[in-house]
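Enquirer: Take a look and give me a structure for this.
(one chain, ligands or ions: 1)
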Amino acid sequence: MSGKRHHVYIAIGLIMGAAAGVAADWIAGPAESGPAAVSTQPSEAPGASLREGLHWFTYNVTDSVGKVFLRLIFMVVVPLVFCALTLGVVEIGDIRRLGRIGVRTLGYTLVLSSIAVILGVSLVNFFRPGESLPPEQRDALRAQYSGNAAQAVEHAKKAKSVRDTLLDIIPENPLQEMVGALDGSAKGGGMLAVMFFALVFGAAITLIPNERARPLVDCIQAVFDVCMVVIGMAMRIAPVAVACLVFSVTARVGADVLKMLLGFALTALAGMAVQIGVIYPLMLKTLGRTSPGRFFRDISDVMVTAFATSSSNATLPTSLRCAEQDLKLPKEIGHFVLTVGATGNQNGTALYEGVVVLFLAQVFGVELSFAQQLMVVLMSVLAGVGTAGVPGGSLPLIAVVCSSVGVPADGIGIILGIDRILDMVRTVLNVVGDLVLAVCVSKGVRPAPAPAM
Ligand code: ASP
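Expert: From the prediction side, this is the model:
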């Protein structure tokens, strides 16, 4: 999704946007009190005061550039999610052939991802980084996303009964759910129902004869590839979009938003630290019967590669070599678990998705009930399965989870500036999780007999 130095340009965009935004806010002086002062409604002319001029500029110029970027991503979200999950299940369908290995891989993946998301969601509930802004700044930020935020609060209030929520997961009309999946206008379960449809569709594909299934799978794979190309195009303008989005936010809210973002980043990093420092070693010791110290020493190359590339896919060759040569795992288990895990087992991503959605809900004042938070956990686990192992692969899925619980998806513009840095860390978690999984799965499974000469 990016060139070699792309992340450097994004970081430069972040710093320039933030510095220019804070400076512009300072030069424009304090906003007159009252909601009008923070209004972001369309204006025909720049207005008389410096503050009004700045509003005009952010609304018409920087917000618009940022929206171009976000819309390029959103426009492929629905086909991308459908294809990614269907293909994931088709791949897992091969698991049946692998019997115990397949079932264990699937089971441990769900356990590891669920622990990761619950951890992240609990930390956001505890530290509440999205509520750290002073009230007037928070109003300014909410005003920036006014239409969406108001809609979101309404959406969250319309909490359904548990019975309806569960029933709505099964779509009556998947196409209708796809149409309304992102703006909350779906009649049933929205994106979750689309995900359910993709899972059933993928499972059914594995049950028809291979020669009939192949063309369909190839076609779905091609649609998926095309979506990834579109997202790659969007990522090309990411440095400029990040600069614009960060400028818009800081110019309206001032430097306080940067402090809030620091709180968000630290919360996400704390969750990731617990996952890698406590949960993984526990899994290795109990299920993998392996020394965590030695394990981490053996995989240091993989961690560095994941950190540098922000891509599970790009790290796969290094992980495969490490599994075979350093961890001495049976070849067929290493290959299977690591290949499926590169897209299917993304604990760091799942944790991050949960953290972002809850954080944005706090920023926009969207109260999420316990059932809705459970929904975030479930969707983040599924999103972890459907996320492509490339830099920024989780952004479209974050939009999906946000809109499914009524949090404005545009809000990802707020975290976009620091996303790339956190992407480096969560990718490390993703690939380490795959190797932990491979170690645990390989325990107790006898290696395949060597082929006869
Ligand atoms: N960059 C991550 C990976 O490749 C995916 C993401 O969370 O954006 O594993």
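Enquirer: Show me the shaky parts of the stretch 301-450 of the chain.
Expert: The stretch 301-450 of the chain contains residues with pLDDT under 70 at 444-450.
Enquirer: Might you enumerate the residues of it proximal to the ligand?
Expert: Within the stretch 301-450 of the chain, the positions near the ligand by CB under 6 Å from any ligand atom are 310-312, 346, 349, 387, 389-394, 423, 426-427, 430. Quick note: C-beta positions are derived from backbone N, CA and C, even for glycine.
Enquirer: From the residues you listed, which land in helices?
Expert: 312, 349, 423, 426-427, 430 (DSSP state H).
Enquirer: Identify, from those residues, the entry nearest to Gln137.
Expert: Asp423 (26.7 Å; CB to CB).
Enquirer: From the residues of the stretch 301-450 of the chain next to the ligand, list just the buried residues.
Expert: 310-312, 346, 349, 387, 389-394, 423, 426-427, 430 (16 or more other CB atoms under 10 Å).
Enquirer: Low-confidence stretches in the stretch 151-300 of the chain?
Expert: In the stretch 151-300 of the chain, residues with pLDDT under 70: 151-162, 183-184.
Enquirer: and Pro79, how many residues sit next to it?
Expert: 16 (other CB atoms under 10 Å).
Enquirer: I'd assumed Val223 was in contact with it.
Expert: Yes - counting by CB atoms under 8 Å, Pro79 does reach Val223; the two are 5.7 Å apart.
Enquirer: so who does the spatially closest residue to Ala24 that is not a sequence neighbour touch?
Expert: Leaving aside its chain neighbours, Ala24 sits nearest to Ala251 (4.5 Å; criterion: CB to CB, 6 or more residues apart in numbering). Ala251 is in contact with 20-22, 24-25, 28, 54, 57-58, 62, counting by CB atoms under 8 Å, 6 or more residues apart in numbering.
Enquirer: so which strand or helix has Ala251?
Expert: Element membership of Ala251 [criterion: DSSP states H and E] is helix 238-253.
Enquirer: what's the spacing between Gly365 and the ligand?
Expert: Distance from Gly365 to the ligand, counting by CB to the nearest ligand atom, to the nearest Å: 27 Å.
Enquirer: Touching, that residue and Ala143? I think so.
Expert: No - using CB under 8 Å, Gly365 is not in contact with Ala143, being 11.9 Å away.
Enquirer: So for the two, which residue has more residues nearby?
Expert: Taking other CB under 10 Å, Gly365 and Ala143 do not tie; Ala143 has more neighbours (19 against 16).
Enquirer: how close does the residue nearest to Val249 when sequence neighbours are not counted sit to the ligand?
Expert: Closest residue to Val249 apart from its sequence neighbours, by CB to CB, 6+ apart: Val257 at 5.3 Å. Val257 sits 23 Å away from the ligand, going by CB to the nearest ligand atom.
Enquirer: Val257: neighbouring residues, count only.
Expert: 26.
Enquirer: tell me the SS of it?
Expert: helix (DSSP: H, G, I helix; E, B strand; the rest coil).
Enquirer: who touches it in this structure?
Expert: So Val257 contacts 133, 137, 141, 249-250, 414 (CB under 8 Å, 6+ apart).
Enquirer: again, but for Thr58
Expert: 40, 247-248, 251-252.
Enquirer: tell me which of the residues you listed is nearest to Val200?
Expert: Ser248 (41.0 Å).
Enquirer: ok, that closest one - contacts?
Expert: Counted by CB under 8 Å, 6+ apart, Ser248 has contacts 21, 58, 62-63, 66, 144, 413.
Enquirer: again, but for Gly88
Expert: Gly88 neighbours (CB under 8 Å, 6+ apart): 202, 343-344, 385-386.
Enquirer: out of the contacts of Val257, which are buried?
Expert: Buried, going by 16+ other CB under 10 Å: 133, 137, 141, 249-250, 414, out of the contacts of Val257.
Enquirer: where along this protein do the strands fall?
Expert: For the chain, no strands turn up when DSSP state E is the criterion.
Enquirer: Report the lowest-confidence entry in the contacts of Ala251.
Expert: Among the contacts of Ala251, Ala28 has the lowest pLDDT, at 83.
Enquirer: Would you confirm that that one contacts Trp56?
Expert: No - at 11.2 Å, Ala28 does not count as touching Trp56 under the criterion of CB under 8 Å.
Enquirer: Which one's more surrounded, those two?
Expert: Neighbour tally, Ala28 and Trp56, criterion other CB under 10 Å: the higher count belongs to Ala28, 19 against 16.
Enquirer: So the residue nearest to the spatial centre of the chain versus Ser380, what's the distance?
Expert: With distances taken as CA atoms, centre = their mean, Ser394 lies nearest the centre of the chain, 3.2 Å away. Distance, Ser394 to Ser380, by CB to CB, to the nearest Å: 10 Å.
Enquirer: Quick check: neighbours shared by the two?
Expert: Glu353.
Enquirer: which residues touch stretch 191-209?
Expert: 78, 81-90, 92-94, 96, 168-171, 174, 177-178, 181-182, 186, 189, 213, 216-217, 375, 378-379, 382, 386, 400-401, 403-404.
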